[in-house]
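# Kindly return the folded structure for what I paste below:
(chains A and B)
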There are 2 protein chains.
Amino acid sequence: MRHNRRFYKSVFLTSGTLACLLGTAMIGAAQDFKDLQTPKSPLVLKAQGSFFVGGETADETAVELGSFGPAGHITINQMYVRYMIPMHAEKKPSVVMVHGMTLTGKSWETTPDGRMGWDEYFVRKGHAVYVPDQVSRGRSGFNQAIFNNVRAGATPPAQQPALPRFSDEVCWPNFRFGPKPGVAYPDERFPVAAANELSKQGIPDANASLPTPNPSFKALSDLAGQLEDTVLMGHSQGGTFPLSAALVNTAGIKAMILVEPGTCPAAYTNEQIAKLAAIPILVVFGDHLDTATGIPRLPYWQASFDECKAFIARIKSAGGNAQMLWPPDQGIRGNSHMIMQDKNSFEIADLILSWIDKNVGKDKAKK
Amino acid sequence: MRHNRRFYKSVFLTSGTLACLLGTAMIGAAQDFKDLQTPKSPLVLKAQGSFFVGGETADETAVELGSFGPAGHITINQMYVRYMIPMHAEKKPSVVMVHGMTLTGKSWETTPDGRMGWDEYFVRKGHAVYVPDQVSRGRSGFNQAIFNNVRAGATPPAQQPALPRFSDEVCWPNFRFGPKPGVAYPDERFPVAAANELSKQGIPDANASLPTPNPSFKALSDLAGQLEDTVLMGHSQGGTFPLSAALVNTAGIKAMILVEPGTCPAAYTNEQIAKLAAIPILVVFGDHLDTATGIPRLPYWQASFDECKAFIARIKSAGGNAQMLWPPDQGIRGNSHMIMQDKNSFEIADLILSWIDKNVGKDKAKK
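The predicted model follows:
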């Protein structure tokens, strides 16, 4: 492991093409374990581990179980959660970090260029941190029954849920690394030389296989209820999950932080807005919102930003505490959609931590 | 979080039926965060985080990408690895822990009944620990292309890989909790009252979607090469992965520990045996090997045990150091297939740690 910041000596992109990173060659050699940074001071944890929230029993046929044994029961719709608890975490609220589309809890861990993730950074700032994999993704798994039924000819293929993944060429503009694949903005904060490491974080998104409502909503609400004073933070697709969890049950949810949410739904009723307005809300967006995303149905992030501004106005009208954190307002330019992995990720984290201290910390300190 | 060992007050199975645990009810309430144990002393880490090993670029069509954008490139066959490094880890070899079929790295984390997993236990004993998700599972993801092609009608459904999961009724005898579902052995060491929490660890096994050879083999070999002095430990389906990794390249592999491997292949050539015999090998099996598994093609674990005894004999004949650790030989009865989660998991870990100290530790101490 190394202690300096610069590596990938041979690859530096500002105006190259994505072909530098891609092609048919193996890219496994791009990052070695020795490329990861070692913090200057030890991490002291009261506890760490993992557990599940939610889950229900399904009765499945032999075919649905992949024909490895007879018909029987399995658990589906459970949510995996990994946690790290610092010493004296009782002084500050817990923080739950929910990832986005085609991604997993890895989003919040070691960054693509080998720096400390927000998971550990928030722990070092005194918060217990909980990182789930959304139900249907990663270690939470998904219900494989329909896939095995299609394989056996028992279900028409067209009924099989799609399993989307973002291509590297879609990620680049959609995550606002630059105007087109391989071309970075001059002020870009994402570590673009390590974009191939972000590519490895992608996995198939089985959300289309889930029942309605998405079981992650209740699981997150239940998690907050178990942990008591909790900040629910979600990113991108998961950006609205804190709102959806609060609409199930607000118990335990002391704040909601929406990081680059895909939307801030205009369809909420006044009753729903009133419920959400009881909880402090912070919305965070990066820069370059007018970059074309490369996805026809999602042309520009500016639309999401504008929706969230309107949402904040509604929450305020209902007497709530809601705020937009847009770093360019403070002269911080060039942040991407993957803002927790950007080169100034600690600077952004500090702004969020300061907001938590001001808006949530006081309640906790009373205990 | 609690500090005593007994919970699940309302459920205690010795001769009940699995219906006590299953049925159609939500089982999410079975384990709360407060049920998890807090260690008596802090965990002090030099570093922790996650990274990927391996991965290659695939050029996929819009359909193969789930039609969320145009054709493009993604990374496939990468292996996610989470790590924890204690202070002064340079004195002992690193330990890599590979999980089994339909499972993820979660196998080695907090146990179903809320006790510390082997991942943290080995760290507290001075070893840096690396826990991957096998390629095709969990946070490593899988290649979704063929599933999306089947959905679109471009590939016949019968060509779609099966996605097996073990039912709870198969797990019970197959993992040797007792002679039939819901009935535990009087001396059973698995925390059977928490069997529903183990059920949540199951996810679809996409190994059938992988190319040959399984990319995890090279990824594990590469990981050992990066880490240098490394003990590769695998469980069940992953039990032979250390052998497969060593046959790719032995560099960095200082020992191999096969925990309840499904097989110890009799088909290895003498040349392969000679290569493997250069590395110390420990094989570990639990008790009750004559329990019928509930899976016709895998009738009894006794067959795996016998194969491994023959394998050990071949390694020894080739001049190697190989040993069977069978706890009943030492009067320790009742261990299950999920031996790292059994109630005496630390007792078993101590036997393995002692073997590492005797067979691997000396090399490392010279440094």
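# distance of the residue of the stretch 201-350 of chain A found nearest chain B from A:Ala322?
Here the residue of the stretch 201-350 of chain A nearest chain B is A:Ile203; by C-beta to the nearest C-beta that distance is 3.0 Å. All C-beta atoms are positioned from the backbone trio N, CA, C, and that covers glycine. Here the criterion is C-beta to C-beta, to the nearest Å. By it, A:Ile203 lies 32 Å from A:Ala322.
# so A:Phe122 touches A:Ile348, yeah?
No - here A:Phe122 lies out of contact with A:Ile348, judged by C-beta atoms under 8 Å, at a distance of 11.9 Å.
# Any part of stretch A:75-88 near chain B?
Yes - counting by C-beta under 8 Å from any C-beta of the partner chain, contacts between stretch A:75-88 and chain B involve A:Thr75, A:Gln78, A:Tyr80, A:Arg82, A:Tyr83, A:Met84, A:Met87.
# Please point out which parts of that stretch sit buried.
By 16 or more other C-beta atoms under 10 Å in any protein chain shown, the buried positions in stretch A:75-88 come out as A:Thr75, A:Ile76, A:Asn77, A:Gln78, A:Met79, A:Tyr80, A:Val81, A:Arg82, A:Tyr83, A:Met84, A:Ile85, A:Pro86.
# Just flag the most distant two among those residues.
For the buried residues of stretch A:75-88, the farthest-apart pair by C-beta to C-beta is A:Ile76 and A:Pro86; their separation is 33.4 Å.
# Spatially nearest residue to A:Gly153 (excluding sequence neighbours)?
Counting by C-beta to C-beta, 6 or more residues apart in numbering or on different chains, B:Pro157 is the residue found nearest to A:Gly153 once chain neighbours are left out, at 5.9 Å.
# ok, back up a step: so which of the buried residues of stretch A:75-88 are in strands?
Helix and strand membership here follows DSSP state E; of the buried residues of stretch A:75-88, those in strands are A:Thr75, A:Ile76, A:Asn77, A:Gln78, A:Met79, A:Tyr80, A:Val81, A:Arg82, A:Tyr83, A:Met84, A:Ile85, A:Pro86.
# which ones are touching the residue nearest to A:Gly153?
Under the criterion of C-beta atoms under 8 Å, 6 or more residues apart in numbering or on different chains, the neighbours of B:Pro157 are A:Val150, A:Arg151, A:Ala152, A:Gly153, A:Pro157, B:Val150.
# Kindly report the same for A:Gln159.
A:Gln159 sits in contact with A:Ile146, A:Val150, where contact means C-beta under 8 Å, 6+ apart.
# give me the number of residues near the spatially closest residue to A:Lys343 that is not a sequence neighbour?
The shortest distance from A:Lys343 to any residue that is not its chain neighbour, by C-beta to C-beta, 6+ apart, is 5.1 Å, and that residue is A:Arg189. Applying other C-beta atoms under 10 Å in any protein chain shown, we find 27 residues neighbouring A:Arg189.
# Kindly report the same for A:Glu228.
Residues contacting A:Glu228 under the criterion other C-beta under 10 Å number 15.
# And A:Gly331, by the same measure?
Using other C-beta under 10 Å, the number of residues around A:Gly331 comes to 6.
# can you check the one 3 residues further on too?
Per other C-beta under 10 Å, the neighbour tally for A:Gly334 reads 20.
# what's the answer for the one 3 residues further on, then?
The local packing count at A:His337 equals 27, with neighbours defined by other C-beta under 10 Å.
# For it, which non-adjacent residue is closest in space?
Excluding its sequence neighbours, the residue lying closest to A:His337 (C-beta to C-beta, 6+ apart) is A:Phe175, at 4.0 Å.
# before we move on, what about A:Pro328?
Closest residue to A:Pro328 apart from its sequence neighbours, by C-beta to C-beta, 6+ apart: A:Asp287 at 5.5 Å.
# residue contacts, the one you found?
When contacts are taken as C-beta under 8 Å, 6+ apart, A:Asp287 is in contact with A:Arg176, A:Asp187, A:Arg189, A:Pro327, A:Pro328, A:Arg333, A:Gly334, A:Asn335, A:Ser336.
# Rebuild those residues as a markdown table, extending it with pLDDT, distance to B:Ile253 and secondary structure.
Below are these laid out as a markdown table (pLDDT from 0 to 100; distance: C-beta to C-beta, whole Å; DSSP: H, G, I helix; E, B strand; the rest coil):
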| residue | pLDDT | distance to B:Ile253 | secondary structure |
| --- | --- | --- | --- |
| A:Arg176 | 96 | 42 | coil |
| A:Asp187 | 98 | 45 | coil |
| A:Arg189 | 98 | 40 | coil |
| A:Pro327 | 98 | 46 | helix |
| A:Pro328 | 98 | 50 | helix |
| A:Arg333 | 98 | 48 | coil |
| A:Gly334 | 98 | 44 | coil |
| A:Asn335 | 98 | 42 | coil |
| A:Ser336 | 98 | 39 | coil |
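# ok so, going back, tell me which of A:Phe122 and A:Ile348 has more neighbours.
Neighbour totals were compared for A:Phe122 and A:Ile348, and A:Phe122 leads with 25 against 21 (other C-beta under 10 Å).
# any idea how far that one is from A:Met338?
Applying C-beta to C-beta, the value for A:Phe122 to A:Met338 is 17 Å.
# Close to chain B: what parts of the stretch 251-367 of chain A are there?
By the rule C-beta under 8 Å from any C-beta, the part of the stretch 251-367 of chain A lying against chain B is A:Gly294, A:Ile295.
# where does the stretch 251-367 of chain A dip in pLDDT?
Across the stretch 251-367 of chain A, residues meeting the criterion (pLDDT under 70) sit at A:361-367.
# One more pass at 50, please.
Counting by pLDDT under 50, the stretch 251-367 of chain A contains low-confidence ranges at A:362-367.
# pull the CA atoms of stretch A:186-203 into CSV?
Extracted C-alpha coordinates of stretch A:186-203, given in CSV (Å, rounded to 0.1, in the frame of the first residue of the first chain):
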residue,chain,number,x,y,z
PRO,A,186,-10.8,20.8,-17.3
ASP,A,187,-12.1,21.2,-13.7
GLU,A,188,-13.4,17.7,-13.4
ARG,A,189,-13.2,16.3,-9.8
PHE,A,190,-13.8,12.6,-10.5
PRO,A,191,-10.5,10.7,-10.7
VAL,A,192,-11.0,9.9,-14.4
ALA,A,193,-7.7,8.0,-14.7
ALA,A,194,-9.4,5.4,-12.4
ALA,A,195,-12.7,5.2,-14.4
ASN,A,196,-12.0,1.6,-15.2
GLU,A,197,-12.1,0.8,-11.4
LEU,A,198,-15.6,2.5,-11.3
SER,A,199,-16.6,0.2,-14.2
LYS,A,200,-15.8,-2.8,-12.0
GLN,A,201,-18.4,-1.5,-9.4
GLY,A,202,-21.2,-2.1,-11.9
ILE,A,203,-23.4,-5.2,-11.5
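# would you list every one of the strands in chain A?
Counting by DSSP E, chain A has these strands, from start to end: A:43-60, A:72-86, A:94-98, A:129-132, A:230-235, A:253-259, A:281-284, A:292-295, A:298-300, A:322-325.
# List the buried residues in the longest one.
Within strand A:43-60, the residues that qualify as buried are A:43, A:45-55, A:57-58, A:60, counting by 16+ other C-beta under 10 Å.
# can you tell me which two in those are farthest apart?
The most widely separated members of those are A:Leu43 and A:Glu60, with 41.5 Å between them, by C-beta to C-beta.
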